[in-house]
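> The amino acid sequence is not available; the structure is as follows:
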């Protein structure tokens, strides 16, 4: 009983300190998006690239199924936007490799993508025959009259899908890296099961600025339990779903992708894993239906 009272007292003290030093009041704070994918609003173009290795080509049925999954995800995303008061979100697609695959010698994959050195947007577009990726981006943006452009590389291989949002230093090094993209593998690296629509949306949302919310080695189990309970329906925690009916864009992700300016300091927990000074309780969250 004494231990419980002590823990409650310490927790209360920490909460008071957090509120005084790291104000837990919500404020209006816009993001400053950078790259070809700005805020997830207005008119958007997805450049789809179907990539395979020699003698391991996509079938037409597989490609068509992938595009149906992507469209399912887009319709879900537009409904989520409407719930947040964003009514102008639209998408067009430009497909490469739809008739004949973009063939490369080897598709790299790993359970830990940080070990890879492939910039997928430029890699796939160069392989498709576009020597100047930035010129292609500029041309398509004008032709389709869009505000944002993203690249989704569909790789016919088993792997761990991941996104590559850009940053100023990368673009200063290579202008073509302004174009943001993600690689999405046909089957999952850990189960071998087929790709789900939710994963396509999860990786695409990263390009607009969304952060992962699933387990981190730098967060304690107790913190992760709180996250899982409060955000159990978030697309940034659970994405292996084809219907997406039970998933949502949570309040943190809505802020990251430009759907709201309402910001809480505890959001920084997901930018700077392990800095628990930002939150020991999570004020301002909503348990959403």
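Done, it's in. For clarity, every value in this text was computed on a predicted model and none was experimentally measured.

> State the phi and psi torsions of the closest residue to residue 175 other than its chain neighbours.
Leaving aside its sequence neighbours, residue 175 sits nearest to residue 134 (CB to CB, 6 or more residues apart in numbering; 5.1 Å). In this view, the C-beta of every residue, glycine as well, is placed from N, C-alpha and C. Dihedral pair for residue 134: phi -60, psi -40, per degrees, to the nearest 10.

> do residue 78 as well
phi -70, psi -40.

> That one: neighbouring residues, count only.
A total of 15 residues lie near residue 78 under the criterion other CB atoms under 10 Å.

> Quick check: it vs residue 84, distance?
Plainly put, residue 78 is 11 Å away from residue 84 if you go by CB to CB, to the nearest Å.

> same deal with residue 172?
Where residue 84 is concerned, residue 172 sits at a distance of 33 Å (CB to CB).

> And the closest residue to residue 262 other than its chain neighbours, how close does it get to residue 267?
Once flanking residues are discounted, residue 262 sits nearest to residue 26: 5.3 Å by CB to CB, 6+ apart. Separation of residue 26 from residue 267 (CB to CB): 10 Å.

> got it, and residue 45?
In terms of CB to CB, residue 45 sits 29 Å off from residue 267.

> Between the two, which has more neighbouring residues?
residue 45 (22 against 19).

> Next up, the contacts around the closest residue to the more buried one other than its chain neighbours.
Spatial nearest neighbour of residue 45, excluding adjacent residues (CB to CB, 6+ apart): residue 146 at 4.4 Å. Applying CB atoms under 8 Å, 6 or more residues apart in numbering to residue 146 gives the contacts 42, 43, 44, 45, 92, 140.

> change it to 6 Å
43, 44, 45 (CB atoms under 6 Å, 6 or more residues apart in numbering).

> Just name the closest of the residues you listed to residue 258, please.
Residue 258 lies nearest to residue 44 out of these, by CB to CB, at 12.1 Å.

> how about that closest one, secondary structure?
Counting by DSSP: H, G, I helix; E, B strand; the rest coil, the backbone at residue 44 sits in strand.

> re earlier: can I get the contacts of residue 146 in CSV with distance to residue 30?
Shown next, in CSV, are those (distance: CB to CB, whole Å):
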residue, distance to residue 30
43, 20
44, 19
45, 23
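
> and of these, the nearest to residue 230?
Among the contacts of residue 146, residue 44 lies closest to residue 230 (CB to CB), at 28.9 Å.

> separation between that closest one and residue 180?
Going from residue 44 to residue 180 by CB to CB gives 12 Å.

> who has more neighbours, these two?
residue 180 (26 against 23).

> quick one, what contacts that one?
With CB under 6 Å, 6+ apart, residue 180 has these contacts: 35, 36, 37, 150, 165, 166, 207.

> go with 7 Å
Residue 180 sits next to 35, 36, 37, 121, 150, 164, 165, 166, 207 when contact means CB atoms under 7 Å, 6 or more residues apart in numbering.

> Just the ones of those residues in strands?
Cross-referencing the contacts of residue 180 against strands under DSSP state E gives 150, 164.

> Output the contacts of residue 180 in JSON lines; the columns should cover neighbour count, pLDDT and distance to residue 243.
Formatted as JSON lines, the contacts of residue 180 follow (neighbours: other CB atoms under 10 Å; pLDDT from 0 to 100; distance: CB to CB, whole Å):
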{"residue": "35", "neighbour count": "23", "pLDDT": "96", "distance to residue 243": "30"}
{"residue": "36", "neighbour count": "27", "pLDDT": "98", "distance to residue 243": "29"}
{"residue": "37", "neighbour count": "28", "pLDDT": "97", "distance to residue 243": "25"}
{"residue": "121", "neighbour count": "29", "pLDDT": "96", "distance to residue 243": "29"}
{"residue": "150", "neighbour count": "27", "pLDDT": "98", "distance to residue 243": "23"}
{"residue": "164", "neighbour count": "24", "pLDDT": "93", "distance to residue 243": "27"}
{"residue": "165", "neighbour count": "19", "pLDDT": "94", "distance to residue 243": "27"}
{"residue": "166", "neighbour count": "21", "pLDDT": "93", "distance to residue 243": "31"}
{"residue": "207", "neighbour count": "29", "pLDDT": "97", "distance to residue 243": "23"}
